[in-house]
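Visitor: need the 3D shape of this:
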Amino acid sequence: MKFISEKLEFSNQTLKEMKFNSKKFYENIKKRRTVRDFKNNNFDISIIKNAILAAGTAPNGANLQPWHFVIIKNKKIKYQIRIAAEKEEKSFYQKRAPKEWLKALKPLGTNSNKEFLEEAPYLIAIFEKKYSINKNKKIKNYYVRESVGIATGILISCLHFSGIAMLTHTPSPMTFLNKILKRPSNEKPFILLVVGYPSEECRIPVFAKQKKTFSKIANII
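Guide: Numbers count the residues shown, from 1 in each chain. The predicted model follows:
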């Protein structure tokens, strides 16, 4: 099979520009924080659409793009998601969570109450597609989790860059999202992003600002 190719569009920057842009991005992204208290103020949904389009440019196995995003703004659906998520979270905190994990969570003050699922103006459910269906034929997707993980990282970065705060929410299991959002069985919930503006009462644990230094997370050989 012969493929048509085209010349790569690439931004050639000077060394000075490259160093400046990389530092500028770092200075911006390091201010990102997980938010659990949201205003219910709406904002232009085109911001989320652009962020999802950016996520859709992520590298992925064989360009099969094994993801699907659902933007949820309907209040009734957000309520259904909260009820289902809190049911799983109660089971987790009361029965399934290892003591070590509960100890690690203690400084954050988290519990099974997930008001933010209704408070925030938008939720974004991200699904990973184990396989796609084209004309009733199954098409296997490759490197699905890796691909969706990279796309999610781009989505989070774009939202933060656009001035939107968020929370990554992962109740386990999340199969209730398939039922509520009417998604097919070949899609598996990957993460639920809660997005909006932080409330005036929002507080962040001081230790959350303490990120590991370069030498703690990387080395050069």
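
Visitor: OK, contacts around Leu117?
Guide: Going by Cβ atoms under 8 Å, 6 or more residues apart in numbering, Leu117 touches Lys78, Ile81, Arg82, Ala85, Leu123, His169, Val194. Backbone N, C-alpha and C define where each C-beta goes, glycine included.

Visitor: make sure it is indeed in a strand.
Guide: No. Judged by DSSP: H, G, I helix; E, B strand; the rest coil, Leu117 forms no part of a strand; its state is helix.

Visitor: sheet partners, orientation included, of the longest strand that the chain contains?
Guide: In the chain, assigned by DSSP state E, the strand with the most residues is strand 187-196. For strand 187-196, the paired strands and their directions (DSSP bridges) read strand 122-129 (antiparallel), strand 165-169 (antiparallel).

Visitor: okay, stretch 48-56 in CSV with CA atoms only?
Guide: Provided in CSV are the C-alpha atoms of stretch 48-56 (Å, rounded to 0.1, in the frame of the first residue of the first chain):
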residue,chain,number,x,y,z
ILE,A,48,-13.1,22.8,26.2
LYS,A,49,-13.6,21.9,22.5
ASN,A,50,-10.2,23.4,21.7
ALA,A,51,-8.6,21.6,24.5
ILE,A,52,-10.1,18.3,23.3
LEU,A,53,-8.9,19.0,19.7
ALA,A,54,-5.5,19.6,21.2
ALA,A,55,-5.7,16.2,23.0
GLY,A,56,-6.7,14.6,19.7
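
Visitor: what about Asn178, how many neighbours?
Guide: Asn178 sits with 17 neighbouring residues when counted by other Cβ atoms under 10 Å.

Visitor: element containing it?
Guide: Secondary structure here is read from DSSP states H and E; on that basis Asn178 sits in helix 176-181.

Visitor: Lys30: which of the contacts of Leu117 is nearest?
Guide: Taking Cβ to Cβ as the measure, Lys30 sits nearest to Val194 out of the contacts of Leu117, at 20.8 Å.

Visitor: how much space separates that closest one from Asn141?
Guide: To Asn141, Val194 is 27 Å away according to Cβ to Cβ, to the nearest Å.

Visitor: quick one: the strands in this structure?
Guide: In the chain, strands defined by DSSP E lie at 67-72, 122-129, 131-134, 137-140, 165-169, 187-196, listed in chain order.

Visitor: how about those strands in a markdown table, adding mean pLDDT?
Guide: Converted to a markdown table, the strands of the chain look like this (pLDDT from 0 to 100):
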| stretch | mean pLDDT |
| --- | --- |
| strand 67-72 | 98 |
| strand 122-129 | 98 |
| strand 131-134 | 88 |
| strand 137-140 | 91 |
| strand 165-169 | 95 |
| strand 187-196 | 97 |
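
Visitor: which one of those strands lies closest to Lys209?
Guide: Across the strands of the chain (criterion: Cβ to Cβ), the nearest stretch is strand 165-169, sitting at 15.0 Å.

Visitor: which of the strands of the chain sits closest to Arg32?
Guide: Nearest of the strands of the chain (Cβ to Cβ): strand 165-169, 8.3 Å.
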